[in-house]
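Q: Have a look; sequence and predicted model below, questions after that.
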Amino acid sequence: MATNIVRNENSNRPATAPISLRLRHCGRTFPGTRGSHAPHVALQPLDLDVEPGETLVLLGPSGCGKTTTLRIISGLEQPDIGGQVWFGEEDVTQLPIEKRDVGMVFQNYALFPNMNVEANIAYGLRIRGLSPDDIRRRVGEMVDMVHLNGLERRPVHELSGGQKQRVALARALAVRPRVLLFDEPLAALDAKLRDRLRVDIGQLLRSLGITSVYVTHDQAEAMALGDRIAVMENGRIAQLGTPREIYHHPGSAFVADFIGSVNRLEIKGAEEGQLMVAGGRLSVARYHGASVLYCRPEDIEVCPVTQAAITGRVLQTFFLGQSQRLFVDTGAETPLQVESPSREQWLPGQTIGLSIAEEALFSIADAQ
Amino acid sequence: MTTASVRRNGRRGMFYWQLAFTLLICLFMIVPVVMSVTAGLTENYFVGLSSGLTTRWLVEVWNLYAQSIWLSIYLALSCLGVTLVLGIPAAYGLLKSQKRWASLVEELLLMPVAVPGLATALALLLAYGGFRGFRSSWLFILVGHVLFTLPFMIRPVLAVMQSINVVKLEEAASSLGARPVQRFLSVVLPNCTSGILAGALMVLTLSVGEFNITWMLHTPLTKTLPVGLADSYASMRLEVGSAYTLIFLMMILPFLIVVQWLGQVMTRKASARVS
Amino acid sequence: MSPDRRESRRQPRSGAVFEGRSVPKGRRRLRGWSWMLAPALGFFLAFWLLPFVRLIVMGAGPDNNTGIAGYWMVLTHEQYLSSLMSTLLLSIAVSVSAVLIAGFCGYFLARHQFPGKSWLLSMLTFPLAFPGVVVGFLVIMLGGRQGALAQLSLWATGERWTFAYSLTGLFVGYLYFSIPRVIMTVMAACEKMDTSLEEAARSLGANTRQVVVDVIIPAIRPALISTGAICFATSMGAFGTVFTLGTRINVVPIAIYGEFTNYANFAMAAALSVILGLVTWISLFFARRLSGEYVGGGA
């Protein structure tokens, strides 16, 4: 009973100052399934700090541990012995999910089929024992916020995918959670709707300033929504940084490759400010002796052969609408990918010149 | 000790309470079976196990009731034959009929299962009891068994046909030049074997154990295994009834094991298809 | 907002267009195959529908003793009404208890993994295939004069306690063959249930009791009701168990059997059978509707 009263006060409070979220040494090992299987390490022990009001995106391929991390934060999963989860100054490691005051948005919406839109949004408030008037007022606010006016009495199975996810979002926000958690919320929607809802969620997150963790495997979503992104691989964080840092200064070949496309330039030799690469030489003022440099396709420019740093033969072109992607054979193992404006036309077999600005080249610490 | 560990212990405690309850129910299901098996193998059940174990009750049952056991096996196999011949084409016909008609026909064919066996048997008796030769032959009982088991053959076969999308397979076969009968024999039938097998096991198990219809339809010369069971329960000593029950259990056990195994294989296949 | 609306409207329409194009063509070609239903339907018409229609007609015939129409006798005479009522009440009690007990076990088994679970499950569902007569005998094993309870009570109090040869014994027997069925249905429904629903409710603060009441029971309610209806129908029509336990228990199947064999009172037997059949058929129809619409697959 006592906790109930505290709970009411909590959920009646005006949106208070956002809290920070800290994971300390949180790992997760699943016991091996029957027979010979060894225990499966889903998550290496990791530390993670999310600033108050920040949106952190966990990005990675399936099986990288991002969902396990989210479930540990939510309380659906317990970290291995020694792991700790802190919400602000409170250690919530031992609290079950229902006592953590989190809001959660699921990939498959997870709307209660036996309740209509209104009842779904009101559910958490009802659990917290708010008065009917308060519930009605709060549900109204939420319906306005996610633009569902007029659909309050609809059974949820009559809603479209996008509407369902709005209801799920409203339901999670209605309880004014301390931390908002998203588990691939847009993965089940088609491309157009996904873009729209992504914009809406982005605006909401910015205006509400709730500490949020967002799991996705879609890099565009991660870039658009994350204040910071943690790229995960094989149960660990491969790199943590702002979208710009991650994109322009990837910490590993995996990160560089996972986020956008990347070209690999092997340096065969260096002399007088010039680097020998397949198909030509690059002029650089500062060179730190890396054996491999990388650059993004959109940072390579097509230019007349006479002014070119590198020349190559066009293998294939893919017209993408807003631009085109060229695959250019420079004699290296893999062709260079070049993004060029879509109005120019190149034909397979044609020899073209390429130039790369020095600041577009980057090296990666772990690359050999 | 923290509050959290108290809570965790609470959850474990709840798990054991639930497990204990489930075990209790399991005991309720299994204790009488074990008692019956023991009684069937005990020299004198009134005295108890100390009177020694024996197979003489089993032998006695066999001497008294072998004929009814053989009749039941014979009847079950015949019933299987008839339900295969009637049921597989019927499933195919249902698949290809208009949806409205198909559900009406299925509803009709299910009537003998939905209505108590006693009522079905009574209707049969009052309508055909006058035909002496038919009435006194085992075919009369066979008719009752087929009525009761046919839906159990049709349903799994139809379900498999629907799940593997037989219509599309047939379209593919006909695009390759297969004629209707060829299509049915070379594409439809081989792909329905799991459904046919499931249906066949069900039909055999149900036919061997059928009592409600059979009791009304049987004559002293056409006693089946369950009829004999009822007979022995009513008029023989407890050990004989138990021994007879034991024989019955041993007869249906293989079917049940295969059914369970089949179910596991099917769910594994289905989940593999999903993921 | 508007793109969402458009999306929801677009889907059904495109489906309808697809059907409209493909169905007539397919139907024409396929209708030729409905004749394959003929053997089964013919068998059914000759050996079930025709006899049963006769049975319905006979049920309106005069009772041997009073000359009153069979159906009217059932609905007005104390003797028949009471057996109808006791059968109804017994069946309701059995299905409610079975759904409560086995629903609990089924949910527990679906949600927990522990060593030996598959064995436990096999033992719980193995009696599914027992015919009524055998179940009756097993009840005698539990509650008969030589039964487990009698032996226990003899040892404890010096008296033999029995319950097998009464309505209680019948209740135990029907519970015995209902429990495996309900456990299987409930487990299937629980396994089919979306676990994220439960997680969503918990993330919103619901405790275990609230999760069960607000999420789990609504999700498996169709399965619970339909399996309960099946138990009800089976208990109404079961004959083997009560036949083994003794023909003095006043339930409808015994009444039918008695009217037919002891008194050759065909009109009464027919009337009772038709009424009993109607009750079981309605409840099974209801069960199938429910499971077909919400759970999918057959009852």
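A: Right, received. Where do you want to start?
Q: what does the stretch 51-200 of chain C have sitting close to chain A?
A: Residues of the stretch 51-200 of chain C lying near chain A by CB under 8 Å from any CB of the partner chain: C:194, C:196-197, C:199-200. To be clear about C-beta, it is placed using only N, CA and C from the backbone, and glycine gets the same treatment.
Q: Now tabulate these in JSON lines and tack on secondary structure and neighbour count.
A: Shown next, in JSON lines, are those (DSSP: H, G, I helix; E, B strand; the rest coil; neighbours: other CB atoms under 10 Å in any protein chain shown):
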{"residue": "C:Asp194", "secondary structure": "coil", "neighbour count": "16"}
{"residue": "C:Ser196", "secondary structure": "helix", "neighbour count": "18"}
{"residue": "C:Leu197", "secondary structure": "helix", "neighbour count": "23"}
{"residue": "C:Glu199", "secondary structure": "helix", "neighbour count": "21"}
{"residue": "C:Ala200", "secondary structure": "helix", "neighbour count": "28"}
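Q: Redo the residues you listed as CSV? Include pLDDT.
A: Formatted as CSV, those follow (pLDDT from 0 to 100):
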residue, pLDDT
C:Asp194, 84
C:Ser196, 90
C:Leu197, 91
C:Glu199, 91
C:Ala200, 93
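Q: State the phi and psi torsions of residue 63.
A: Picked chain A for this. phi 90, psi 10 (degrees, to the nearest 10).
Q: was after chain C, sorry
A: Main-chain torsions, C:Asp63, degrees, to the nearest 10: phi -70, psi 150.
Q: could you measure the nearest residue to it once chain neighbours are set aside against C:Asn262, distance?
A: Once flanking residues are discounted, C:Asp63 sits nearest to C:Met73: 5.0 Å by CB to CB, 6 or more residues apart in numbering or on different chains. C:Met73 sits at a distance of 16 Å from C:Asn262 (criterion: CB to CB, to the nearest Å).
Q: next one: A:Ala309
A: Separation of A:Ala309 from C:Asn262 (CB to CB): 109 Å.
Q: now swap in A:Gly349 and tell me
A: From A:Gly349 to C:Asn262 the distance is 101 Å (CB to CB).
Q: what do you get for A:Phe327?
A: Between A:Phe327 and C:Asn262 the computed distance is 93 Å (CB to CB).
Q: still on that earlier bit, quick one: contacts for the residue nearest to C:Asp63?
A: Listed by CB atoms under 8 Å, 6 or more residues apart in numbering or on different chains, the contact set of C:Met73 reads C:63, C:66, C:80, C:268, C:271.
Q: possible to save these as JSON lines with distance to A:Ile201, pLDDT and neighbour count?
A: JSON lines is the format used below for the contacts of C:Met73 (distance: CB to CB, whole Å; pLDDT from 0 to 100; neighbours: other CB atoms under 10 Å in any protein chain shown):
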{"residue": "C:Asp63", "distance to A:Ile201": "75", "pLDDT": "76", "neighbour count": "20"}
{"residue": "C:Thr66", "distance to A:Ile201": "78", "pLDDT": "77", "neighbour count": "11"}
{"residue": "C:Tyr80", "distance to A:Ile201": "68", "pLDDT": "86", "neighbour count": "21"}
{"residue": "C:Met268", "distance to A:Ile201": "72", "pLDDT": "85", "neighbour count": "29"}
{"residue": "C:Ala271", "distance to A:Ile201": "67", "pLDDT": "88", "neighbour count": "28"}
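Q: before we move on, which element is the residue nearest to the spatial centre of chain C in?
A: Closest residue to the average C-alpha location of chain C: C:Ile230 at 1.4 Å, with CA atoms, centre = their mean. Here C:Ile230 sits within helix C:217-237, counting by DSSP states H and E.
Q: go on, B:Ala200?
A: B:Ala200 belongs to helix B:193-209 when assigned by DSSP H and E.
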